[in-house]
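Peer 1: quick one, fold the following:
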Amino acid sequence: MSNSQTTVVVTGVGATTPLGGDWPSTWSALLAGTSGVRKLDWDGIKELPVRFAATLAVDPSEIIPKQQLRRLDRNQAIALIAAREAWA
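Peer 2: Next up is the predicted model:
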């Protein structure tokens, strides 16, 4: 192992979170002290032990075309949304 350091350059920022669907709205909500936790209103929620969670503010299906979304799992879709925003 060597002790060399790797240079990392951040060229963009992207996020899709419970606070907002993009970086600016997420940052604004963070500064305002907004909570991303919401009451769940899904079908079948009564079978779950909790009634609230921090779900995404914007569902990936609203951003990614359905044909592409079918080939991605949820984690990949969320990462793709953030990566596209950072790239832009």
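Peer 1: roughly how far does residue 19 sit from residue 70?
Peer 2: Here residue 19 is placed at a distance of 27 Å from residue 70 (CB to CB, to the nearest Å). For every residue, glycine as well, the C-beta is placed using N, CA and C.
Peer 1: for this structure, give me the ranges with low pLDDT.
Peer 2: Scanning the chain for pLDDT under 70 picks out the ranges 1-2.
Peer 1: which residues of it fall in helices?
Peer 2: For the chain, the helices defined by DSSP state H cover 23-32, 66-69, 74-87.
Peer 1: quick one on the thing from earlier: residue 19 and residue 70: which has the busier surroundings?
Peer 2: residue 19 (19 against 8; other CB atoms under 10 Å).
Peer 1: could you find the closest non-adjacent residue to that one?
Peer 2: The shortest distance from residue 19 to any non-neighbouring residue, by CB to CB, 6 or more residues apart in numbering, is to residue 29 (3.8 Å).
Peer 1: equivalent analysis for residue 34, please.
Peer 2: residue 19 (6.0 Å).
Peer 1: quick check, central residue of this structure?
Peer 2: residue 16 (2.9 Å; CA atoms, centre = their mean).
Peer 1: now the closest residue to that one other than its chain neighbours: how far from residue 15?
Peer 2: Nearest residue to residue 16 in three dimensions, chain neighbours excluded: residue 81, at 4.6 Å (CB to CB, 6+ apart). Separation of residue 81 from residue 15 (CB to CB) stands at 9 Å.
Peer 1: neighbour count for those two, which is higher?
Peer 2: Ranked by neighbour count (other CB under 10 Å), residue 81 and residue 15 place residue 81 first, with 21 against 18.
Peer 1: now that one: how far from residue 31?
Peer 2: In this view, residue 81 and residue 31 are 22 Å apart by CB to CB.
Peer 1: got it, and residue 46?
Peer 2: If you measure residue 46 against residue 31 using CB to CB, the figure is 36 Å.
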